[in-house]
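Student: Whatever this is, show me its structure:
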Amino acid sequence: MRPTQIDHVGIAVADLEAAVERYRTTLGLEPAHRERMDDQGVEEVLFEVGSSFVQLLGALGPNTPVGRFLEKRGEGIHHVGYRVESVVEALEKLRAAGVRLIDETPRRGSRGTTIAFVHPRDMGGVLVELVQQG
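Tutor: Sure thing, here's the model as predicted:
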């Protein structure tokens, strides 16, 4: 289960539209992808930086994972997404190593990816997302 690269860094923002404009004007970046995922309670905008992405996350409500994160911690880095060859195999290896998982089985992510989250308590306080390309 060796990650092949950083897929993205997820950043929780209170105002998605203002954050998108800030990235446009401050960094000169244009959105590469935008998707609303009701099942995860989030709308995302991705900016391509090299072969990775910066993912801005806007909560669809206060009682969603990102909404609760914003209420508790405010804006900032929410998680780091690592690209893996197989999320299923990665989960099996992590489970066998005794690592706590948020997702016991993979689920659908944006851009046609397959994803799963690893609990931050076993990752030095960092929420980790495993990402398998289409």
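Student: for this protein, which spans come out with low pLDDT?
Tutor: By pLDDT under 70, the chain contains no weakly predicted segment.
Student: all strands for the chain, in order.
Tutor: Shown for the chain, the strands assigned by DSSP state E span residues 5-13, 33-37, 42-49, 52-59, 76-83, 107-108, 114-118, 128-132.
Student: got CSV for the ones you listed, with mean neighbour count and distance to Leu101 too?
Tutor: All C-beta atoms are positioned from the backbone trio N, CA, C, and that covers glycine. Conversion of these to CSV gives the following (neighbours: other CB atoms under 10 Å; distance: least, CB to CB, whole Å):
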stretch, mean neighbour count, distance to Leu101
strand 5-13, 20, 18
strand 33-37, 13, 20
strand 42-49, 20, 20
strand 52-59, 22, 20
strand 76-83, 18, 14
strand 107-108, 12, 12
strand 114-118, 20, 6
strand 128-132, 23, 10
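Student: Which one of the ones you listed lies nearest to Arg24?
Tutor: strand 42-49 (9.0 Å; CB to CB).
Student: re earlier: how about the strands of the chain in TSV, adding distance to Glu92?
Tutor: Converted to TSV, those look like this (distance: least, CB to CB, whole Å):
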stretch	distance to Glu92
strand 5-13	20
strand 33-37	25
strand 42-49	27
strand 52-59	25
strand 76-83	16
strand 107-108	16
strand 114-118	11
strand 128-132	11
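Student: Arg100 is nearest to which of these?
Tutor: Between Arg100 and these, the shortest gap by CB to CB is with strand 114-118, which sits at 7.4 Å.
Student: tilt between the closest one and strand 5-13?
Tutor: Here strand 114-118 runs at an angle of 70 degrees relative to strand 5-13 (axes from the mean of the first three to the mean of the last three CA atoms, to 10 degrees).
Student: now the angle between strand 76-83 and strand 114-118, please.
Tutor: Going by the same axes, to 10 degrees, strand 114-118 makes 120 degrees with strand 76-83.
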